[in-house]
Each structure stands twice: as C-alpha cells, then as structure tokens.
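Engineer: make a model of this:
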Amino acid sequence: MPARRRPRTTSATAPKRPNPILSNLVPFQNYLEAECGLARNSIRAYESDLRQFGGWYEDHGPANPNEITLQTLTAYIHELRGRDLAATTVARHLVAIKMLFRYFVLEALIEKSVADSLSSPKLWQHLPKVLSPAAVERLLNAPTREDRFPLRDRAILCMLYATGCRASEVSSLRLSHTFLDERYARCLGKGNKERIVGLNPVAVSAVEAWIEGERCHLVGEGDSPWLFVNGRGGEVSRIAIWKLVKKYAVRAGCGSEVSPHTLRHSFATHMLAGGAEIRALQEMLGHASISTTQIYTHVEHSRLKAIHERCHPRG
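Structural biologist: Predicted coordinates for the structure are as follows:
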C-alpha cells in the first residue's frame with residue numbers, strides 16, 4: 001500500500017506569525033490605566049495609533065520583539081510621513097510607540113528600547129488659531145432662543161473660554177466641584193490630575209442662568225452629578241461640545257475650523273496679552289511641561305509683530 005502523502009502547507013493553513021504589537025495591546029492598555037493613570041481618551045488614542053502600527057508590523061516586523069531594530073521603526077515613521085500627516089500626528093504616533101516599548105522593557109519582553117533613539121518631528125510649524133476678543137464675544141452670544149438649550153450652550157462656551165479647559169474637562173465637570181460664589185471650579189485633567197480653574201463674572205452669570213433656567217427641568221426630581229447635562233439628564237459628551245462649538249462658530253462668522261481647543265488657545269493668548277505670567281498660565285492649563293505653554297508666547301509675539309507692521313509708519 002503506497003505511503004500517504006503529507007498535505008502540503010499552504011498560506012491558508014500555515015500558522016499565523018506572532019505579532020507582539022497586537023498581542024500585547026490589551027495588557028498595555030491595562031498598564032496605562034492602572035499604573036500610569038492615563039485618561040480614557042488618551043488610552044483610546046494610544047490604542048488607535050498602535051493598531052495602525054500593528055497592522056503595518058504584520059508585514060514588515062520580526063516575530064521576536066528583541067529583533068526589532070531602529071531601521072524597522074524608522075521605516076514605519078517614513079511610512080507615516082508618506083501619508084502627508086501633520087507633524088503633531090506623527091509625533092503622537094511616535095509617543096505611543098515609545099510608551100509601548102518601555103512597557104516591553106518593564107515586562108522583560110525586550111532588553112532595551114530602540115524606540116527611545118527616535119527623534120520627534122519638529123512641532124508647531126504653524127501657530128495655533130486664535131480668535132480676537134471681538135470674535136470670542138460674538139461666539140459667546142451666538143446661542144438664541146431658537147436653539148434647543150441656549151442657556152446650557154452659552155454656559156459651556158463661556159466656561160471653555162473663561163477657564164481654558166479642554167472639552168473633555170468641561171464635559172466631566174461636577175456640580176459639587178463648581179463654586180460660583182467663590183468663582184472657581186475643580187476640574188479633572190489628563191492623567192486624572194485635579195486642578196483649580198478660575199471663573200470670571202461672565203461665566204458665573206451664564207452658569208447660574210443655566211442651572212436655574214434649564215438644568216433643573218432636565219434633571220427633574222432625579223439627581224445628576226454633572227454640571228452640564230444632555231436632554232436625558234446624562235453627562236454631555238466631549239463630542240457634543242465639539243459639535244456645538246462648531247455650530248455656533250459658523251453662526252458667529254468665526255469659521256468652520258474653530259474648535260473647543262481654539263477657545264483654549266484664545267484664553268491662553270489673551271491671558272498673556274493681559275500680563276499673566278507663563279508659570280501661572282502653565283498651572284491654569286494643566287500643562288506638565290513649561291515648553292508646551294511657551295508656544296503661546298510665540299503666538300503673542302506674532303500678534304504684536306502684525307500690529308507693528310500694520311500701524312508703524314515704516315512697518
């Protein structure tokens with residue numbers, strides 16, 4: 001009886017090559033949450049960037065993470081730049097990769113991180129968009145009675161500009177952490193770090209009008225811990241805040257590219273123009289590094305230069 005032939009191994013039956021990036025993604029996310037204390041939005045951003053890296057790695061990376069070289073990672077960075085991504089986006093991908101490789105070292109999956117040798121692309125080649133005080137005033141007054149929740153929307157806009165908070169920070173503001181008589185609030189920023197933000201009289205008045213005029217009806221006899229709620233009495237999402245800023249910016253003639261971060265940039269720039277110290281502004285914005293805050297000094301300098309060129313006889 002002739003010997004039976006062994007079936008030929010095809011690409012369909014061959015075992016899938018291990019992918020250390022994707023196979024370690026879930027424990028890495030747990031590490032970011034439990035040990036690094038990163039916010040949910042930051043963890044989601046890391047996951048999104050690393051899934052893209054993992055997909056590319058499937059065809060280009062070695063199965064053994066110890067065999068990953070600087071050339072491997074450099075090839076991926078070149079691939080990202082080939083997509084015409086912004087320098088800030090490429091830098092964000094790079095931070096995610098560096099964090100993952102540091103985790104690999106902690107877990108003894110690799111001996112040392114070659115990712116630390118990668119340099120970030122130059123950032124802030126374009127200064128952030130800043131609204132003039134007059135444009136901010138038009139934006140804050142854009143909600144009207146024809147809108148569904150005009151008092152809430154105006155209060156959110158006022159809070160964004162008065163505090164310089166991110167959309168996610170305004171979304172997660174708690175009623176019990178908002179002290180209108182003392183004109184301050186406690187907000188939870190990146191890495192679950194709490195900080196105090198000041199409230200100006202315009203913001204205080206807008207929040208009081210929202211609490212007394214609309215919030216009490218939306219919450220009803222129930223109870224909600226959030227300062228700003230949606231039509232069902234739940235927490236207003238950062239996406240909803242992003243959308244309402246876009247809507248009112250277009251209505252106010254500020255442009256469709258305006259976002260909650262534009263109000264944060266405007267707050268910082270206007271504070272510096274009013275004489276605020278850079279260290280104090282760093283605390284207000286919740287920046288871990290002073291270098292992040294210093295971009296606003298460049299914005300202010302560019303504004304003064306433009307005024308000088310426009311107004312000086314020999315400008």
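
Engineer: so what sits opposite E235 in the bridge?
Structural biologist: Beta bridges link E235 to V229, judged by DSSP bridges.

Engineer: that one is in contact with L173, isn't it?
Structural biologist: No. If you go by C-beta atoms under 8 Å, E235 and L173 don't touch, sitting 9.5 Å apart. Any C-beta I mention is one placed from the backbone N, CA and C, and that applies to glycine too.

Engineer: those two: who's more crowded?
Structural biologist: For E235 and L173, the more surrounded residue by other C-beta atoms under 10 Å is L173, and the numbers stand at 25 against 18.

Engineer: quick check: chain neighbours aside, which residue is closest to the more buried one?
Structural biologist: Leaving out its chain neighbours, the residue that sits closest to L173 by C-beta to C-beta, 6 or more residues apart in numbering is L227, at 4.3 Å.

Engineer: just the CA trace of stretch 214-225, in CSV.
Structural biologist: Output of stretch 214-225 as CSV, limited to C-alpha atoms (Å, rounded to 0.1, in the frame of the first residue of the first chain):
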residue,chain,number,x,y,z
GLU,A,214,-32.8,74.7,32.1
ARG,A,215,-30.8,72.2,34.2
CYS,A,216,-33.4,71.9,36.9
HIS,A,217,-36.0,70.9,34.3
LEU,A,218,-33.8,68.4,32.6
VAL,A,219,-32.6,66.7,35.8
GLY,A,220,-36.1,66.9,37.3
GLU,A,221,-36.6,65.1,40.6
GLY,A,222,-33.6,62.9,39.9
ASP,A,223,-30.1,63.7,40.6
SER,A,224,-27.1,64.1,38.3
PRO,A,225,-23.5,64.8,39.4
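
Engineer: circling back: now the common contact residues for E235 and L173.
Structural biologist: Shared contacts of E235 and L173 (C-beta atoms under 8 Å, 6 or more residues apart in numbering): W226, F228.

Engineer: is it fair to say R195 lies in a strand?
Structural biologist: Yes. According to DSSP: H, G, I helix; E, B strand; the rest coil, R195 belongs to a strand.
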